[in-house]
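In: Here is my input, please return the structure:
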Amino acid sequence: MNVVFQPLNRTVQVEKGVTILQAARLAGVLIESPCNAVGTCGKCKVKLDQTSRSSIRPYGLHHLSPEEEEQGYVLSCEAEVLGDILVDVPSRSHGTELKILSHGQSVEVTPETYFQKRYEPKDDRTFVFAGDELVGLEQSNTEDQKYGLAVDIGTTTIVVSLVDLGSGQEIASASALNPQSLHAQDVLSRITFASTKRGLMMMYSELINELNRLIERVTEKSIVNREHIYEVIFSGNTCMIHLATGKDPAPLGKYPYIPEFTGAVHLSASEHHLGVSPFGLIYVPPVISAYVGADITSGILASQLHQQKGITLFVDIGTNGEMALAVEGKLSATSTAAGPAFEGMNITCGMRAGAGALEFFQIEDDKTITTKTIGDQEPVGICGSGLLDIVGELVANGVIDKNGRFVKPESTLLPASLKERLQLRDGKRVFQISRQVYLTQKDVRQVQLAKGAIRTGIDLLLRSKGITSDAVDRVLIAGSFGYHLRAKSLIHLGLLPDSFDGKIEFIGNTSKTGAQAFLMNQSLRKEMEKGVTEIEVIELANYGDFEQVFVRSLGF
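Out: Sure, this is the predicted structure:
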């Protein structure tokens, strides 16, 4: 049976009973399936023409509206192929421009790069050294052509920065969606997906292919010969580092949660099929634990957390919810499984930060609503920052009660401008934001679970050191997602305590800027390799009252 995917015009032959999503993976067609094909997210919708609809066995229709069913949509993870079909893949799956942050707080470093070059006029050749070892020869004088890459491998997005190793200046950057997120949105789903050899190789090869596309983009922008890129820094959480290096992440998902790969090593770039110098190397900074990765090591370096006086809390708000606490420079760290809601996943009208995504929402003093979308387009969905704004504002204005429920419009003193937006859809209460974008009760619950996880991590991390929230001097919010948030939304939600008001700083993508520091100074690598061994990792599951703290953290 032939399955044809449009608009990519790719065809694959499959056996009867294979799902459309399985066929897409065989054809190399990326269809968004953040729940890893277990039929819970409803994001893998594809459209079939009238003829094709009779050649599938549909399941999972409870995730579709009557209008979507009528238009020919099915869930690709559940619809089984019974004959030749033509599949229309929505544009959101096969390519869209995303708003991805690439800048962040950085630390000044003295250039002391691992790779050095020396020109010998009598031979008219340039000698290339990695540390003390001669690794290559280049014809003529190429001393001033020496570059490196700082790569932030996020669970959802990837950022590649091209750096001049002579000056330390970033000369180009590029970013993209992490292709793995179309199959499995969070870390645990990816561990499951990569549990087979085929799944692991798919995750690994898709990521390497995307990195090579980004390398091509930055070299074209800057007119740099990729053969003069000698070192690549991989910064990311522990699971992403495993998948980027082809290592089995399975040990991260089962007790005693010991990573197979702990970083602080060089790997051959050519063996990992990266399009850089044939004698190029990948350096992976040290990971802290199974769930506190090299991205936090980079963040500690970029923010100089280990040098801070007083009490400083560093939080990377995202799918993983990694955090570190510095008390007079002494560090402890933990992480919480916040899940993908902050990336717009598992949200009815949720989407990633692309054109038309609602990213700002505010209820004004006169109770009118101000919104902003990415690209100033008509709203088509809600991205993470918009989601937290919406829920935070609705809590602050009494539309959502402290338990997370929509109030009954007939029994409240809400102004008409808000009351009229509380409508019924399929018999369930929603808050209507625009003609096609709305917030459901289920969406509010997803936000509660995500913010409750992070707040639980913060509370227990502080408690582990006998510190109250009002004793914290500074709160550093890191990550490309965190940079787009507003302090008041985080406090309205209860994701951060009220006592953090006025202490919050958004420091951006420190995974990338820390990777740049590692790239420019090899002494910092030795410093951090030693430093991570002194970080105390706090295991939240060891707290007997973890569940009680978590339940308490769900409220607003």
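In: Could you list every helix and strand in contact with the helix or strand harbouring residue 517?
Out: Using DSSP states H and E, residue 517 sits within helix 510-520. Based on contacts counted as 3 or more CB pairs under 8 Å, 6 or more residues apart in numbering; DSSP states H and E, the elements that helix 510-520 packs against are strand 147-153, strand 157-164, strand 229-236, helix 294-303, helix 522-531. Just so you know, the C-beta spots here come from the backbone N, C-alpha and C atoms, and that holds for glycine as well.
In: in the stretch 251-400 of the chain, which spans are strands?
Out: 265-268, 281-284, 311-316, 322-327, 330-335, 357-363, 369-373, 381-382 (DSSP state E, counting those that start in this stretch).
In: quick one: contacts of the first one?
Out: Taking CB atoms under 8 Å, 6 or more residues apart in numbering as the criterion, the residues outside strand 265-268 that touch it are 130, 245, 280-284.
In: Residue 208 in helix, strand or coil?
Out: Assigned with DSSP: H, G, I helix; E, B strand; the rest coil, residue 208 falls in the helix class.
In: Give the buried residues for stretch 204-218.
Out: By neighbour count on 16 or more other CB atoms under 10 Å, the buried set for stretch 204-218 is 204, 206-208, 210-212, 214-215, 217-218.
In: before we move on, the earlier item: buried ones in the helix holding residue 517?
Out: Neighbour-count burial for helix 510-520 [16+ other CB under 10 Å]: 510-520.
In: and that helix, average pLDDT?
Out: In this model, helix 510-520 carries a mean pLDDT of 96.
In: what do you get for stretch 170-177?
Out: Stretch 170-177 comes out at a mean pLDDT of 92.
In: Which residues outside that stretch are in contact with it?
Out: Contacts of stretch 170-177 (CB under 8 Å, 6+ apart): 98, 100, 102, 147, 156-164, 210, 213-214, 217-219, 221-222, 224, 352, 516.
In: Just the buried residues out of the residues you listed, in ChimeraX syntax.
Out: The buried residues among the contacts of stretch 170-177 can be selected in ChimeraX (16+ other CB under 10 Å) with this line:
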select :98,100,102,147,156,157,158,159,160,161,162,163,164,210,214,217,218,219,224,352,516
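In: where does the closest residue to residue 202 other than its chain neighbours fall, helix, sheet strand or coil?
Out: What sits nearest to residue 202 in space, not counting adjacent residues and going by CB to CB, 6 or more residues apart in numbering, is residue 25, at 7.2 Å. What three-state DSSP gives for residue 25 is helix.
In: Now do residue 25 against residue 447, distance only.
Out: As judged by CB to CB, to the nearest Å, residue 25 and residue 447 stand 31 Å apart.
In: okay, these two: which has more neighbours?
Out: Between residue 25 and residue 447, counted using other CB atoms under 10 Å, the more crowded position is residue 447 (27 against 22).
In: Chain neighbours aside, what residue packs nearest to that one?
Out: Closest residue in space to residue 447, ignoring its immediate chain neighbours: residue 391 at 4.9 Å, by CB to CB, 6+ apart.
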